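[1] give the three-dimensional model of this entry:
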Amino acid sequence: MARAALAAGGAVGPRAARVLLGMLLSAHVAACGEPAPEPPVTPSGDGASAAEEGVGNPTYEQNFVFASVSGDSVFLVPWIMRTTVYADTVVREARAWLERSGTWDGFYSATWATPPTRTPARILPYGNMRLLVQEGDVVDGIIFEQGARRLELALGESRASWGGPRGEAIELVAGAAYLSDQRVEGVILHLARASSGAAPPGGDWALLASGDSLVLVLTADDEHGRAEEPTYRGWADLGQEERAWTDVTVQWTATQAFPPARRDVPVSWRISSADRQLQGSLDIVAADIEAGVGPGPLLPVRALYDVAGEISMEGARYPVRGFLVHERR
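    I've put the predicted structure just below:
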């Protein structure tokens, strides 16, 4: 197929129409037999009327995480992109990191504003971030290039795809990361989700892998620390078969203080599904934690973790490594 690189300022649509068009263009996405809600393409409210009603700003997330697991080591390249819709502007954020041998390297960070649009969820390249697309506006890769430094994620064939009740669209694809002349094979998680602004955006999420035998995705329906602790959903790709859980608890078993945000952050987790068929534990290997800006006294926090642990699934045990995002807004 023909491929073309989009320069900064160009727009690109969803990678897989069967997954993302269901979320972003109001088709129904099925999740364990349940129809997903239809997140709005345009803001649900703006200006004084929205403030009076307590309605927040619609947000759209597009997250791509490359993971290559070999034995007890992992190589991670997460791209985290978020769009927030305001009355007269659209604010976009894109961040990227490379993590290996316990060291986090934040190699790309940009925040910029664009005029209002009917399709705010579309990904826009910017600065040193470019996109590769196939015919039909299908995302094929993400490229960072700055001087002699070049890092590319190449998305291959789809392995599995699922949808969640809040409009999540989740896809696992075979992928590769290119660092200069080095090629690393792995799996890429594409997690897209949206919030209308009438409810908080989704909570923590994780990508865990055990070699080629298991890939597990966990997503929370809300942030930790609210009146009720969040419920997670889980999806597993076992190669020849898949599993799904609608009621998973992810409990913090240890925390540590993070003074810049005046919050505690998790450093150890226990996982258990309601049917007890999925269980496990995770511990931190390395983390990149940063505080956001806010009126205080508690500030927003985003923590990216390289985690290791063990997952038990229907009696089989899997050593896992992977990526976990914890966020409090």
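[2] okay, now the unreliable bits of the stretch 201-329 of the chain?
    Scanning the stretch 201-329 of the chain with the threshold set as pLDDT under 70 gives no residue ranges.
[3] show me which positions of stretch 144-151 end up buried.
    Residues 144, 151 are the ones in stretch 144-151 that count as buried (16 or more other Cβ atoms under 10 Å). No exception for glycine: its C-beta is placed from N, CA and C like everyone else's.
[4] can I get it in CSV, CA atoms only?
    Extracted in CSV, the C-alpha atoms of stretch 144-151 (Å, rounded to 0.1, in the frame of the first residue of the first chain):
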residue,chain,number,x,y,z
PHE,A,144,9.8,11.4,16.1
GLU,A,145,12.7,13.1,14.3
GLN,A,146,15.0,15.7,15.7
GLY,A,147,18.4,16.1,14.1
ALA,A,148,20.2,12.7,14.1
ARG,A,149,17.7,11.2,16.5
ARG,A,150,14.8,9.3,15.0
LEU,A,151,12.3,6.9,16.7
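[5] run the chain-centre distance for that stretch.
    Averaging C-alpha positions (Cα atoms, centre = their mean, to the nearest Å) puts stretch 144-151 23 Å from its chain's average.
[6] show me what it is in contact with.
    For stretch 144-151, the external contacting residues (Cβ atoms under 8 Å, 6 or more residues apart in numbering) are 77, 96, 98, 107-108, 128-130, 143, 152, 177-180.
[7] just the buried subset of those, please.
    Buried, going by 16+ other Cβ under 10 Å: 77, 96, 98, 108, 128, 129, 130, 143, 152, 177, out of the contacts of stretch 144-151.
[8] any idea how far the fifth one is from residue 151?
    So that's residue 128. Applying Cβ to Cβ, to the nearest Å, the value for residue 128 to residue 151 is 10 Å.
[9] before we move on, the earlier item: looking at the buried ones among the contacts of stretch 144-151, which is nearest residue 285?
    Closest approach to residue 285 among those (Cβ to Cβ): residue 98, at 15.0 Å.
[10] secondary structure element for the closest one?
    Element membership of residue 98, judged by DSSP states H and E, is strand 90-100.
[11] residue 296 too?
    Counting by DSSP H and E, there is no helix or strand that carries residue 296.
[12] gap between it and residue 147?
    From residue 296 across to residue 147, the span is 39 Å (Cβ to Cβ).
[13] sec struct for the most centrally placed residue in the chain, please.
    In the chain, the centroid-proximal residue (Cα atoms, centre = their mean) is residue 63; its distance is 3.8 Å. Three-state call for residue 63 (DSSP: H, G, I helix; E, B strand; the rest coil): strand.
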